[in-house]
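A.B. asks: turn this into a structure:
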Amino acid sequence: MHKCEEAPRSLIEDVATASEQWWKLQKLYQNGGFINQHITVQELMSTSLSSCGNSVDTYAFTIQGKAKGLEKMNAKLPDWLIVSILLKNLGSKYKDFTRRVMATLRNDEPVLEDIIAMLFSEDQCRSMRRS
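C.D. replies: Numbers count the residues shown, from 1 in each chain. Next comes the predicted model:
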């Protein structure tokens, strides 16, 4: 018999039978469950360019993947929020890029794919300047 870790155990203490406990844990941890949504949002918000090895490709695909994961869990976040997270977590090296994006958008709704395309273009320009 396996011991239940402290955190999951506290979630099922009020349930009497093992089958009810299993059902409750399944509901909480399944793809669309709150816990998975919460964990994915936390991962999205803590993903930064530096945490992705300063690789713009890895960073953009990670952000996009987390956003799509939330959408599959019926927890789609609006593009403006995902774009805000993406821009904030680029770091100080991309401060000018972030300002240009903000100035370009001003009153328009951002589209995540468009901002990622702009980021890839910016990264290519920076790579060419370094060469």
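A.B. asks: isn't residue 111 right up against residue 78?
C.D. replies: No - using CB atoms under 8 Å, residue 111 is not in contact with residue 78; the gap is 10.9 Å. (Glycine included, C-beta is placed from N, CA and C.)
A.B. asks: report all helices and strands that whichever strand or helix holds residue 68 contacts.
C.D. replies: Using DSSP states H and E, residue 68 sits in helix 56-72. Using 3 or more CB pairs under 8 Å, 6 or more residues apart in numbering; DSSP states H and E as the contact test, the elements touching helix 56-72 are helix 34-46, helix 79-88, helix 112-130.
A.B. asks: so for it, what gets flagged as buried?
C.D. replies: Residues of helix 56-72 classed as buried by neighbour count (16 or more other CB atoms under 10 Å): 56, 59, 60, 62, 63, 66, 67, 69, 70.
A.B. asks: what's near enough to touch residue 93?
C.D. replies: Each residue near residue 93 by CB atoms under 8 Å, 6 or more residues apart in numbering is listed here: residue 49.
A.B. asks: typo on my end, it should be residue 56
C.D. replies: 49, 119, 120, 122, 123.
A.B. asks: distance of it from residue 83?
C.D. replies: 15 Å (CB to CB, to the nearest Å).
A.B. asks: state the distance from the nearest residue to residue 77 once chain neighbours are set aside to residue 98.
C.D. replies: What sits nearest to residue 77 in space, not counting adjacent residues and going by CB to CB, 6 or more residues apart in numbering, is residue 70, at 5.8 Å. To residue 98, residue 70 is 23 Å away according to CB to CB.
A.B. asks: swap in residue 12?
C.D. replies: Distance of residue 12 to residue 98, computed by CB to CB: 44 Å.
A.B. asks: cool, residue 85 as well?
C.D. replies: Residue 85 is 12 Å from residue 98, by CB to CB.
A.B. asks: the two: which has the busier surroundings?
C.D. replies: Between residue 85 and residue 98, residue 85 has the larger neighbour count (other CB atoms under 10 Å), namely 20 against 16.
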